[in-house]
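1. Following is a predicted model, sequence given first.
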Amino acid sequence: MSEAANIIPSPVPSPCVSLCKMDLERRYCMGCLRTIEEIVAWGKADDDFKRAVWAELPLRRQTIRFDEEE
């Protein structure tokens, strides 16, 4: 787990930004960059799972570009 993930307090907040639109090709929410599986699991997930998801988001943000027209 990354060092950044260790500093997220408990309870771990959701990365949701209320822009809920799934990109079917990349399989990520265009707002929070989580997969549908991560979104569904979030409510019952433990803090370790949530921190692991948060740790993935910066890399996803750097490597995934959505078309502006979508």
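-> That came through, no problem.
2. who touches the closest residue to residue 27 other than its chain neighbours in this structure?
-> Spatial nearest neighbour of residue 27, excluding adjacent residues (CB to CB, 6 or more residues apart in numbering): residue 35 at 5.8 Å. No exception for glycine: its C-beta is placed from N, CA and C like everyone else's. Contacts for residue 35 (CB atoms under 8 Å, 6 or more residues apart in numbering) come out as 27, 28, 29.
3. what's the answer for residue 10, then?
-> residue 47.
4. Look up which helix or strand it falls in, please.
-> Counting by DSSP states H and E, no helix or strand carries residue 10.
5. do the same with residue 62
-> Short version: residue 62 belongs to helix 47-63, going by DSSP H and E.
6. Just the CA atoms of that helix, as PDB, please.
-> The C-alpha coordinates for helix 47-63 follow below in PDB (Å, rounded to 0.1, in the frame of the first residue of the first chain):
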ATOM      1  CA  ASP A  47     -11.100   0.800   5.300                       C
ATOM      2  CA  ASP A  48      -8.200  -1.200   3.900                       C
ATOM      3  CA  PHE A  49     -10.100  -1.900   0.700                       C
ATOM      4  CA  LYS A  50     -11.100   1.800   0.500                       C
ATOM      5  CA  ARG A  51      -7.600   3.000   1.000                       C
ATOM      6  CA  ALA A  52      -6.400   0.600  -1.700                       C
ATOM      7  CA  VAL A  53      -8.900   2.000  -4.200                       C
ATOM      8  CA  TRP A  54      -7.800   5.600  -3.300                       C
ATOM      9  CA  ALA A  55      -4.200   4.500  -3.900                       C
ATOM     10  CA  GLU A  56      -5.100   3.400  -7.400                       C
ATOM     11  CA  LEU A  57      -6.900   6.700  -8.400                       C
ATOM     12  CA  PRO A  58      -3.800   8.900  -9.100                       C
ATOM     13  CA  LEU A  59      -2.400   6.400 -11.600                       C
ATOM     14  CA  ARG A  60      -5.800   6.000 -13.300                       C
ATOM     15  CA  ARG A  61      -6.100   9.700 -13.500                       C
ATOM     16  CA  GLN A  62      -2.700  10.000 -15.200                       C
ATOM     17  CA  THR A  63      -3.300   7.100 -17.700                       C
END
